[in-house]
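>>> Give me the fold of what follows.
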Amino acid sequence: MKTLRYIGLALLTVVLSANFTACSDDDDGDYNAVKKIHVETAGSLSTLITAEEATQITDLTLSGYINGTDVNLIKKMIGLKRVDFTGLHIVGGGEHYDYAGNYPNYDYYYTHDNIFPAKCFWGFQQLSEIKLPNSITEIGEFAFKDCAGLASVEILNGVTKIGECAFYGCGNLASVKIPNSVTEIGSRAFTDCTELTSVEISNSITGLDDIFTNCASLTHVKIPNGVTKIQGTFEACTSLISVEIPNSVTVIDWGAFNGCTSLASIEIPNSVTKIGSATFNSCSALKEVHIKSSTPPDVAEDTFSTYAYVTLYVPAGSKDAYLQHRIWGKFGNIVEE
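Sure thing, here's the model as predicted:
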């Protein structure tokens with residue numbers, strides 16, 4: 001009987017030992033992959049985590065203060081999947097962390113107060129979720145360029161500028177809400193966001209210049225009142241079927257809707273005085289153009305790629321003016337409405 005008891009105790013010890021070892025390994029793995037770090041003094045992140053540890057992190061919560069020296073270490077965390085910077089403050093100073101241009105004319109990047117660092121997460125393919133700092137007023141250029149796995153981002157009220165190419169190539173991003181605090185969006189900020197289906201644009205924006213190019217899943221767009229110029233912004237948005245252009249727009253310029261192959265109808269408000277080159281070029285599904293101005297707007301020779309199969313609708317009493325126009329008169333069918 002004692003022998004059986006000893007055997008049972010021995011087996012229990014082995015099982016408990018095995019379970020303890022397995023749990024320890026898992027805990028070590030989680031510890032290495034998940035980090036919650038507070039940086040009291042900007043430039044000191046490297047005293048809290050080594051470069052080797054940085055490469056193993058997948059989930060990072062960072063608070064406190066960082067500068068360019070710390071960004072250098074963050075850029076080594078190429079395996080990041082989820083990031084929470086809600087309580088983080090970006091400050092100027094520290095080392096440069098990247099450069100642009102060709103030797104010897106390098107343009108070095110540094111951090112600036114309350115600006116999310118330019119190029120910070122460029123090429124982080126596994127990054128799927130980012131919570132931006134509450135304190136930032138600007139998202140730097142190329143900040144999330146080619147973050148192909150990024151599925152969601154909340155741009156907080158208080159941000160006033162989104163830099164050039166900030167979210168370029170974020171091919172998994174499905175929706176974007178740009179708050180009314182944003183007054184400037186840089187060129188190509190959301191270019192090649194090929195899964196983007198929904199976008200809400202700030203009411204404070206006055207110009208849209210080459211911003212949503214090649215967003216191939218975007219179907220509906222409402223341009224906010226206050227925008228005065230649209231240029232190149234929706235080029236190659238091949239799923240776009242409807243666009244609301246407000247009466248504040250005066251210029252629709254080069255390539256604004258070029259290659260929107262699903263766009264069948266467009267309404268141009270009476271505020272528009274100029275429609276530039278290639279604006280509706282290669283819009284192969286276009287069948288109806290509704291112009292609300294009795295005076296024909298200035299239009300380029302190649303604004304439309306075809307005239308024969310498109311019906312131009314114009315205000316009552318203005319048909320003759322359009323028929324006599326050198327370019328508008330090319331439309332195969334002009335109808336007053």
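>>> switch to C-alpha atoms for all contacts and neighbour counts from now on
OK.
>>> is it fair to say P246 lies in a helix?
No - membership of P246 in a helix is not supported by DSSP: H, G, I helix; E, B strand; the rest coil, which gives coil.
>>> Double-check it against I223; I have them as touching.
Yes - counting by CA atoms under 8 Å, P246 does reach I223; the two are 6.5 Å apart.
>>> Find the residues that touch each one of the two.
The overlap between the contact sets of P246 and I223 (CA atoms under 8 Å, 6 or more residues apart in numbering) is empty.
>>> pLDDT on stretch 270-281, on average?
On average, the pLDDT along stretch 270-281 is 97.
>>> Could you find the closest non-adjacent residue to T194?
Of all residues not flanking T194 in the chain, C215 sits nearest, at 4.6 Å (CA to CA, 6 or more residues apart in numbering).
>>> Tell me the secondary structure at that neighbour.
Three-state assignment for C215 (three-state DSSP): coil.
>>> who touches N134 in this structure?
T86, G87, L88, L156.
>>> how about a cut-off of 6 Å?
By CA atoms under 6 Å, 6 or more residues apart in numbering, the residues touching N134 are T86.
>>> One more: V251?
V251 neighbours (CA under 6 Å, 6+ apart): K229, V272, K274.
>>> Let me have these in CSV, extended by neighbour count, secondary structure and distance to G68.
CSV is the format used below for the contacts of V251 (neighbours: other CA atoms under 10 Å; DSSP: H, G, I helix; E, B strand; the rest coil; distance: CA to CA, whole Å):
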residue, neighbour count, secondary structure, distance to G68
K229, 19, strand, 36
V272, 23, coil, 45
K274, 17, strand, 45
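>>> Make JSON lines out of these and add distance to W122.
As requested, the contacts of V251 are exported to JSON lines (distance: CA to CA, whole Å):
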{"residue": "K229", "distance to W122": "30"}
{"residue": "V272", "distance to W122": "38"}
{"residue": "K274", "distance to W122": "37"}
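>>> Among these, which one lies nearest to I205?
Distance to I205 across the contacts of V251 (CA to CA) is lowest for K229, with 10.0 Å.
>>> Is V243 in contact with I223, as I believe?
No - using CA atoms under 6 Å, V243 is not in contact with I223, being 7.5 Å away.
>>> Mind checking which of those two has more residues around it?
Each of V243 and I223 has its neighbours counted (other CA atoms under 10 Å); I223 has more, 21 against 17.
>>> any idea how far V249 is from the more buried one?
For I223, the distance to V249 equals 9 Å [CA to CA, to the nearest Å].
>>> try V289
16 Å.
>>> which element follows the host helix or strand of N32 toward the C-terminus?
Using DSSP states H and E, N32 sits within helix 2-33. Using DSSP H and E, the helix or strand that follows helix 2-33 towards the C-terminus is strand 34-39.
>>> Okay, now the sheet partners of that following strand, with direction.
strand 59-66 (parallel) (DSSP bridges).
>>> neighbouring contacts of the following helix or strand past the strand it pairs with?
Per DSSP H and E, the first helix or strand lying C-terminal to strand 59-66 is helix 68-74. With contact meaning CA under 6 Å, 6+ apart, helix 68-74 is reached by G43, L45, G94, E95, H96, Y97, Y110, T111.
>>> let's see it at 8 Å
Contacts of helix 68-74 (CA under 8 Å, 6+ apart): 42-46, 51, 54, 92-97, 110-111, 117, 120.
>>> Those residues in helices, which ones?
Here DSSP state H is the test, and the contacts of helix 68-74 give A51, A54 as lying in helices.
>>> Show me just the buried residues among the contacts of helix 68-74.
42-45, 54, 92-97, 110-111, 117, 120 (16 or more other CA atoms under 10 Å).
>>> got any ranges where the stretch 1-150 of the chain has weak pLDDT?
Along the stretch 1-150 of the chain, segments meeting pLDDT under 70 span 1-31, 100-105.
>>> Now for the residue lying closest to H96 once chain neighbours are set aside: which residues touch it?
Leaving aside its sequence neighbours, H96 sits nearest to Y110 (CA to CA, 6+ apart; 4.8 Å). For Y110, the contacting residues are N67, G68, G92, G93, G94, E95, H96, Y97, D98, P117, by CA under 8 Å, 6+ apart.
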